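Peer 1: Quick one, what's the 3D model for this:
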Amino acid sequence: MKGREIQSIRNIGIMAHIDAGKTTTTERILFYTGKNYKIGEVHDGTATMDWMIQEQERGITITSAATTCSWANHIINIIDTPGHVDFTIEVERSLRVLDGAVGVFCAVGGVEPQSETVWTQGDRYKVPRIAFINKMDRTGADFLSVISEIREKLGKKAAAIQMPIGTEENFKGLVDLINLKALEWSDESNGEKFTQRELSQDELQEAKLYRDELLEHLADYDDNLADRYLNGEEISAAEIDKAIRKATIHNGFIPVLCGSAFKNKGVQPLLDAVVKYLPSPLDIGATKAHDAKDFETIVERNPSDDEPFSGLAFKIASDPFVGRITYLRIYSGVLKTGQQVYNPLEKKKERINKLLQMHANKRTEIEEAGAGDIVAISGLKFTTTGQTLCLDHKPIIFDLMEFPETVISVAIEPKTNADEEKLQTTLEYLKIEDPSFTFRNNKETGQLLIFGMGELHLEIICDRLAREFKVGVNVGSPQVSYRESITGTASAEQTVNREIQGKNQFGHVSLSVEPLEDSSEIQVEFGKKERGIPEDIFDAIKKSIHDSAPGGALAGYPFIGIKVKINEVKFSETDSNEVAYVIAASQAFKEACTKAGIVLMEPLMALEVTTPSDFSGDVIADVNAKRGQILGIEPKSGKDVVKAEVPLSGMFGYSTQIRSKTQGRASFTLTFKRYEKMALREAKEVLAKRGIVL
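Peer 2: Modelled structure (predicted):
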């Protein structure tokens, strides 16, 4: 395509723990690349990438926002991701389509819990990363300590390619360890102007020590460089850059940079590092996919405009001017406005009404896009998050995304009849937009329940219902989203043999169930499949069990962690019908689970509280009172970090409680860890509230 080279494209994400400075860093990138003519600030509610009113009010990122800018003749597509655990799905789906990422760390907080979460997600998708240690101007900033934490907590080989000049209020620049130069920023020019100078003798001596440490790390990935370094030969800056790029792209090494985005220091070298060390689509190479006609067959799509078109839809959003838009990463080929594409999972053709290049919530129409590009499309009717678009005569399916468990719910009801008519449609749309959100009617209570990742997640959903979609709802108190499982093994069989709509329907299913430890799945496997039974019958039985699992058998909570084996399927040539097998399988499944003994499962959360040492005892006592288990206490930056596991049921309103107990001086993170069996006493209390006696 004209004016565009694939090797000059960088698709990157900015990711970190909440309040590490991701959005502030992104705002500076947009300013220095000329994308924005002024700097937006998170605390003023003027940050370009935090465009939602809910983000501006709370000063946090809620939805991943995409933009495109250019630096050193390279195109940089950036996705700024949230740092709050309730919106981790935004990080998940962004990393799925990115080629590289910048991990931002607070120079005081270091590697915080959500940092570990997003880096684990990055590992899952094998995304090469560089680290930017931000907030070097803050009291307590410790550059080398954060590097140690990256090595220890994240298990990464990391080394500095820069060293700070001064720390805390005296931070004024950095030492470039590769070129052995000092860079210093003036406070008068919004960071646009900086000076480069030679190092003093003391600075040079210290810089060479850290440069040697960097070379020792790189020697593990470059034999030629290792030999020359061991022989005492001088290694040029260009050779070091080449070695860093090679090690970073192969996910073996993390180059570490430093700066203060808020004070406008260190961002331009970060942009240089993005261009130098993070991969282009060509460096990533071919993307594997499944042949849509034969799922077991693996095919590849190379990042080339000459290949057949293929792309992955990774996000759905609403736009007040163009309606529903779908964010797409193009892996191969060219996509043009007006073109028809194919969704092999839905078996539907889609038409590209408009191609858009996004800048947060602003958009520019473009005529075409090619391999490596990230764009938005308007006009798609059937495609949802994680689905593949391709050509109908070359159908492929990229690996599907995994979405996290919802652990919390609230009951909502429409305020008026007009709201009731709009509510169902709006919730359906929000579910398409956000795969970590769902809703269903509780058959026992008649309530409409919405499910999400945490209190803030559901608070934002309800706020959007009122403001964005103009749907009035009354909202109940947050509730724990429990699960049901089984304690033993059991078998059951059911036969359906009755007349339905004037035709006899026959189906017989015999099955057994057993617990599936440390899993939230419902696995269905078949024993010996009898010849002569159509495959559609087996598909119907499997689907029936998966469809029955969300309803549970005790209190209406979804089943998890069960292995189902279909032992026997009886078939009649004349009367057998899929409907009969659906009914028989569902009834047999629930009967077998009841015989096996149903147990209530509750979400267990990983809690990490950072508190002044004076209040550690109160924090620990409070965790114990909530049925929590203390895992350890670590000193960090003059404070104590209390790590614990605690049931979610005791954590509602914890932010207010912890402020009260620590005079507002503690902070905490709460992340879902696993589902665990409830003790009999607590289970009885939960069920008693629903009128169920255990």
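Peer 1: quick one: strands adjacent to the strand or helix carrying residue 313?
Peer 2: Per DSSP states H and E: residue 313 is located in strand 310-319. Strand pairing for strand 310-319, determined by DSSP bridges: strand 323-332 (antiparallel), strand 388-390 (antiparallel).
Peer 1: Identify, among the helices and strands of the protein, the element with the weakest mean pLDDT.
Peer 2: helix 53-58 (a mean of 56; mean pLDDT, DSSP states H and E).
Peer 1: what's residue 487 in contact with, if anything?
Peer 2: Listed by C-beta atoms under 8 Å, 6 or more residues apart in numbering, the contact set of residue 487 reads 515, 596, 597, 598, 599, 677. In this view, the C-beta of every residue, glycine as well, is placed from N, C-alpha and C.
Peer 1: Please identify which of the strands paired with strand 310-319 is closest to residue 496.
Peer 2: Among the strands paired with strand 310-319, the nearest to residue 496 by C-beta to C-beta is strand 388-390 (37.6 Å).
Peer 1: Tell me which strands whatever helix or strand comes next after the closest one pairs with, and in which orientation.
Peer 2: Sequence order places strand 396-397 as the next helix or strand after strand 388-390, per DSSP H and E. Using DSSP bridges, strand 396-397 pairs in its sheet with strand 287-291 (antiparallel).
Peer 1: So the residue nearest the centre of the chain, which state does it fall into?
Peer 2: By C-alpha atoms, centre = their mean, the chain has its centre lying nearest to residue 92, at 2.2 Å. In three-state terms, and counting by DSSP: H, G, I helix; E, B strand; the rest coil, residue 92 is helix.
Peer 1: check which helix or strand covers the residue lying closest to it once chain neighbours are set aside.
Peer 2: Distance criterion C-beta to C-beta, 6 or more residues apart in numbering; nearest residue to residue 92, sequence neighbours excluded, is residue 121 at 5.7 Å. According to DSSP H and E, residue 121 maps onto helix 113-124.
Peer 1: neighbours of residue 196, just the number please.
Peer 2: Using other C-beta atoms under 10 Å, residue 196 has 11 other residues around it.
Peer 1: Isn't it up against residue 185?
Peer 2: No. Here residue 196 lies out of contact with residue 185, judged by C-beta atoms under 8 Å, at a distance of 11.0 Å.
Peer 1: what is in contact with the two at once?
Peer 2: With C-beta under 8 Å, 6+ apart as the test, residue 196 and residue 185 reach no residue in common.
Peer 1: The residue nearest to the centre of the chain contacts residue 434, correct?
Peer 2: No. Residue 92 lies out of contact with residue 434 (C-beta under 8 Å); the separation is 11.7 Å.
Peer 1: Kindly confirm my reading that residue 601 is in a strand.
Peer 2: Yes. Residue 601: assigned to a strand according to three-state DSSP.
Peer 1: what pairs with it across the strands?
Peer 2: Residues in beta-bridge contact with residue 601 (DSSP bridges): residue 483, residue 677.
Peer 1: Quick check: it touching residue 676?
Peer 2: Yes. Using C-beta under 8 Å, residue 601 is in contact with residue 676, at 6.5 Å.
Peer 1: Who has more neighbours out of these two?
Peer 2: residue 601 (22 against 13).
Peer 1: how much space is there between the residue nearest to residue 92 and residue 250?
Peer 2: With distances taken as C-beta to C-beta, to the nearest Å, residue 121 is found 19 Å from residue 250.
Peer 1: Of those two, which one has the most company?
Peer 2: Neighbour comparison, residue 121 and residue 250: the larger count goes to residue 121, with 21 against 13 (by other C-beta under 10 Å).
Peer 1: Could you tell me the per-residue confidence at the residue of the chain most remote from its centre?
Peer 2: Taking C-alpha atoms, centre = their mean, the residue of the chain most remote from its mean C-alpha position is residue 502, at 51.0 Å. Note on residue 502: pLDDT of 72.
Peer 1: Please apply the same query to the one 10 residues further on.
Peer 2: Per-residue confidence (pLDDT) for residue 512: 96.
Peer 1: Next, the contact list for it, please.
Peer 2: 489, 490, 491, 492, 564, 565, 567, 592.
Peer 1: in a strand, that's where it is, yeah?
Peer 2: Yes. Assessed by three-state DSSP, residue 512 belongs to a strand.
Peer 1: for it, which residues make a bridge with it?
Peer 2: residue 491, residue 565.
Peer 1: related to what we said a few turns ago, sort out which residues of the helix holding residue 121 are buried, please.
Peer 2: 113, 114, 115, 116, 117, 118, 119, 121, 122 (16 or more other C-beta atoms under 10 Å).
Peer 1: Next SSE downstream of the helix or strand where residue 207 lies?
Peer 2: Taking DSSP H and E as the criterion, residue 207 maps to helix 201-218. On the C-terminal side of helix 201-218, the closest following helix or strand by DSSP H and E is helix 223-230.
Peer 1: what does that next one contact?
Peer 2: 215, 216, 218, 219, 220, 235, 239, 243.
Peer 1: next one: stretch 675-684
Peer 2: With C-beta under 8 Å, 6+ apart, stretch 675-684 has contacts from 405, 482-483, 485, 487, 520, 560-561, 599-604, 627, 647, 649, 686, 693-694.
Peer 1: Residue 615: how many residues sit nearby?
Peer 2: By other C-beta under 10 Å, 20 other residues sit near residue 615.
Peer 1: Residue 661 is in contact with that one, correct?
Peer 2: Yes. Counting by C-beta under 8 Å, residue 615 touches residue 661, with 6.4 Å between them.
Peer 1: can you give me the helices in the stretch 1-150 of the chain?
Peer 2: Applying DSSP state H, counting those that start in this stretch to the stretch 1-150 of the chain gives helices spanning 22-32, 53-58, 88-95, 113-124, 143-153.
Peer 1: can you count the residues close to the nearest residue to residue 588 once chain neighbours are set aside?
Peer 2: The shortest distance from residue 588 to any non-neighbouring residue, by C-beta to C-beta, 6+ apart, is to residue 494 (4.2 Å). Using other C-beta under 10 Å, the number of residues around residue 494 comes to 21.
Peer 1: ok, now how distant is residue 494 from residue 8?
Peer 2: Using C-beta to C-beta, residue 494 is found at 63 Å from residue 8.
Peer 1: which residues does residue 672 form a beta bridge with?
Peer 2: Beta-bridge partners of residue 672, as defined by DSSP bridges: residue 605.
Peer 1: For burial, what's the neighbour tally of it?
Peer 2: Using other C-beta under 10 Å, the number of residues around residue 672 comes to 19.
Peer 1: do residue 665 as well
Peer 2: Neighbours around residue 665, by other C-beta under 10 Å: 14.
Peer 1: Please name the bridge partners of residue 411.
Peer 2: With DSSP bridges as the rule, residue 411 is bridged to residue 449.
Peer 1: Relative to the whole chain's centre, how far out is stretch 257-275?
Peer 2: From the chain centre to the centre of stretch 257-275 is a distance of 25 Å (C-alpha atoms, centre = their mean, to the nearest Å).
Peer 1: How about that stretch, which residues are buried there?
Peer 2: For stretch 257-275, by 16+ other C-beta under 10 Å, it's 257-271, 273-274.
Peer 1: Filter these down to the ones in helices?
Peer 2: Judged by DSSP state H, the buried residues of stretch 257-275 include 267, 268, 269, 270, 271, 273, 274 as members of helices.
Peer 1: Please list all residues in contact with the fourth one.
Peer 2: Yep, that's residue 270 we're talking about. 25, 29, 102, 130, 132, 257, 259.
Peer 1: Can you tell me which of those lies closest to residue 385?
Peer 2: Among those, and counting by C-beta to C-beta, the member closest to residue 385 is residue 102, at 23.7 Å.
Peer 1: No more questions from me, cheers.
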